[in-house]
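>>> got a predicted model here, sequence first, then my questions.
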Amino acid sequence: MASTPILAFVIFIVAFVVSQNAWASKSIPKGTKRLPGPHGRFAKSYCFILFFLLDWVSVVLCDQFFESNLSDGSLPGLPLLGNLLQVPPSHSWLQFKEWADIFGSIYQMNIAGRTHVIVSSEKIANDLLRERGNLYSGREQLPMAAQLLSGNLRPLLLPYNDVWRNGRKLMHALTNSTVAPTYEPAQLLESTRVLYDLCCSPQDYERWFERYAAVSGSKKLL
């Protein structure tokens, strides 16, 4: 909101004036010594940094408070952390489905200060990502995942550029209607293995599904 920077500026000015007056009015009786620690110009610097940090925190808190109370389709969350603690570490899509039933097919959430938009409708996803792909096909750059771990070669983490388009052409060549039937024998074999393992140890279903996906995907590249 437009009033948030003004409020933060007012808080900063008031805190700065109070700190300066406190240091100016501070006197030491004769015959006494100062306690160990920062004082004088350095103490004022520390005080200035402290009030600067408090002012920054007040800006973040005000932004999150007004955003969570005045905007539609936003999940209420905690200051600074937002909805970070509300997202389960596993099977998070079930929680997203519950929120979609409450807030609608498209809503936003805050994860430690970063806004994430959740789309829970196939129609909305097609309208945004397919019909308006030139506007919404870009991806946020994640240096750790995209550059350091993937070497900018994983299409899921690439921006909309020539490298991404070349990767898309490769995926299309591996999954078109002419090549797809050649994967059926391997998929049938892996499906049989999955069914057998599910009957023997159903509690490890995630492991069996992950193996099926990994083996089926790797055989497409052989």
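Received it, and whenever you're ready, just let me know what you need. Residues are numbered from 1 along each chain as shown.
>>> what's the pLDDT at Leu222?
pLDDT, Leu222: 55.
>>> same thing with Ser25?
pLDDT, read off for Ser25, is 47.
>>> equivalent analysis for Val194, please.
93.
>>> give the other helices and strands that the helix or strand it falls within contacts.
Element membership of Val194 [criterion: DSSP states H and E] is helix 184-200. Contacts defined by 3 or more C-beta pairs under 8 Å, 6 or more residues apart in numbering; DSSP states H and E place helix 184-200 against helix 205-220. For every residue, glycine as well, the C-beta is placed using N, CA and C.
>>> elements contacting the helix it packs on?
helix 184-200.
>>> where does Gly151 land in three-state SS?
Put simply, Gly151 is coil when judged by DSSP: H, G, I helix; E, B strand; the rest coil.
>>> how many neighbours does it have?
When neighbours are defined as other C-beta atoms under 10 Å, Gly151 has 8 of them.
>>> against Asn166, how distant is it?
14 Å (C-beta to C-beta, to the nearest Å).
>>> before we move on, what about Phe103?
According to C-beta to C-beta, Phe103 stands 38 Å off from Asn166.
>>> what about the helices in this structure?
Counting by DSSP state H, the chain has helices at residues 3-24, 41-70, 92-103, 122-125, 133-136, 162-175, 184-200, 205-220.
>>> for this protein, which spans come out with low pLDDT?
1-73, 218-222 (pLDDT under 70).
>>> can you list the domain ranges for the chain.
Recorded structural domains for the chain (assignment: automatic domain parsing) are 3-70, 72-137, 141-175, 177-222.
>>> so who does Arg193 touch?
Counting by C-beta atoms under 8 Å, 6 or more residues apart in numbering, Arg193 touches Trp208, Arg211, Tyr212.
>>> ok, residues contacting stretch 137-149?
So stretch 137-149 is contacted by Leu129, Asn152, Arg154, Leu156, Leu157, Leu158, Pro159, Tyr160 (C-beta under 8 Å, 6+ apart).
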